[in-house]
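> A structural model of the following input is requested.
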Amino acid sequence: MAAKLSPEETRRYARHLVLKGMGGAGQQKLKAARALVIGAGGLGSPVIAYLAAAGIGMLGVIDDDEVALSNLQRQIVHGMGDLGRSKAASAGDFVASLNPHVAFRAQVERLDQGNAAILLDGYDLVLDGSDNFETRLAVAEAAEAVNLPLVSGAVSMFDGQVTVFAPHLPRPDGGRNPRFRDLYPETPSPDELPSCEAVGVIGAATGVIGTLMAMEAIKLLTGIGNPLIGRLLLYDGRAARFTELAY
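The predicted model follows:
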């Protein structure tokens, strides 16, 4: 459903409105859309910033963590004044200061298999920036069950990856788009997925992947371009190289 833009929004989104392929129709689709971000950390921060700036109609954020000093090296929606605060609430203040036209919903709880379906209810798209496989699996299964496209990103050290899961969307050949378990048929051990606390992460890498995630969300919500469905985009920060793998 189209959402009418106010005169102030028309000025705010002027560069979108003159952009071929986006225009007023695309901006109205963004304003009518509801996106849910899992995690307001390294990946969630650029996702939240760019979707809010782009004029998403409603932005939900789920995070049960609090802002710590070690987060500020990469989690750009938080500042020194937010230390000890809920990340979801802090992200809400950032969004309000950036774009008052964006509705925001902060959910301070941990998503798991038991509550995932309830937490995803009412959204048009999900972006997962969580930092553990258990949460990623729960999000993917819940999104698939209710036919929501899922933009998934991950980072470690200097590298990152992003893809889109949308098994409910039709393919030109009539087949089924890949599911989360097609890319991850087995649950990896903790040793195979070390935390950033253990191995570190360069802050700018989360910005690269998080911004790509926001771009994929905008494409999906507006119908622009070719989303990363069935394609895994890998980023090697040290070599400054992108590689794409089909799955």
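
> Any idea how many residues pack against the residue nearest to Arg241 when sequence neighbours are not counted?
Spatial nearest neighbour of Arg241, excluding adjacent residues (Cβ to Cβ, 6 or more residues apart in numbering): Tyr235 at 7.8 Å. Just so you know, the C-beta spots here come from the backbone N, C-alpha and C atoms, and that holds for glycine as well. Per other Cβ atoms under 10 Å, the neighbour tally for Tyr235 reads 20.

> Doesn't Tyr235 lie inside a helix?
No. Per DSSP: H, G, I helix; E, B strand; the rest coil, Tyr235 lies outside any helix segment and is strand.

> Just grab the bridge partners of it for me.
Gly160, Phe242 (DSSP bridges).

> I'd like the distance from the lengthiest helix in the chain to the chain centre, please.
If you go by DSSP state H, the chain has its longest helix at helix 203-222. Averaging C-alpha positions (Cα atoms, centre = their mean, to the nearest Å) puts helix 203-222 7 Å from its chain's average.

> Report all helices and strands that that helix contacts.
helix 23-32, helix 44-54, strand 125-128, strand 150-156, strand 159-165, strand 231-236 (3 or more Cβ pairs under 8 Å, 6 or more residues apart in numbering; DSSP states H and E).

> Nearest to Ala88 among the ones you listed would be which one?
helix 44-54 (9.5 Å; Cβ to Cβ).

> The closest one - what's its average pLDDT?
Average pLDDT, helix 44-54: 98.
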